[in-house]
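**Student:** pasting the sequence and the predicted coordinates here, then a few questions.
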Amino acid sequence: MGKCRNPIIGKNVVIADGAKILGPIIIGENSVIGASSIITKNIPPNSIAFGVNQFKPKDENYDLIFHSNMINPEKIIEANNKFIAEFNNK
C-alpha cells in the first residue's frame with residue numbers, strides 16, 4: 001500500500017452510525033459496515049461487516065437498506081437529498 005495510511009472506501013459503501021474504520025485497509029465496493037463495528041482489516045466487495053472485523057457475503061435477494069415494512073424509499077431519498085442540499089449551502 002505504499003505510504004497510504006488511511007482507509008480506502010469503495011463505491012456504494014454504506015457505513016452505519018458509530019462504525020470505526022481504522023488503518024490502511026480497503027472496504028470493497030457495495031459493502032455495508034454495520035453500526036458500531038470496528039474494522040481494521042480489508043473487507044471484500046459485496047460484504048456485510050459487523051462486530052470486530054467480522055464479515056460475510058451480502059444476500060443478493062435481500063436489500064439491507066430498503067425493505068417492504070419501512071417508509072417509501074423515494075421519501076427517504078428525497079429527505080436525504082434535502083439534508084445534503086442544506087449541508088452544502090452552509
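**Tutor:** Okay, I see it. Note that the structure is predicted; figures quoted are calculated from it, not measured.

**Student:** end to end on stretch 20-32, go ahead and measure it.
**Tutor:** 13 Å (C-alpha to C-alpha, to the nearest Å).

**Student:** contact partners of that stretch?
**Tutor:** 1, 4-16, 33, 37-49, 55, 58, 64-65 (C-beta atoms under 8 Å, 6 or more residues apart in numbering). Yep, even glycine has a C-beta here, placed from its N, CA and C like the rest.

**Student:** tell me the buried residues within those.
**Tutor:** 7, 9, 13, 15, 33, 37-39, 42-43, 45-49, 55, 58 (16 or more other C-beta atoms under 10 Å).

**Student:** how many residues are close by residue 18?
**Tutor:** 10 (other C-beta atoms under 10 Å).

**Student:** just give the closest residue to it, not the sequence neighbours.
**Tutor:** If the residues on either side of it in the chain are set aside, residue 18 comes closest to residue 36, at 4.2 Å by C-beta to C-beta, 6 or more residues apart in numbering.

**Student:** can I assume that neighbour is in contact with residue 49?
**Tutor:** No: assessed by C-beta atoms under 8 Å, residue 36 is found out of contact with residue 49, at 11.3 Å.

**Student:** how near is the residue nearest to residue 18 to residue 20?
**Tutor:** 8 Å (C-beta to C-beta, to the nearest Å).
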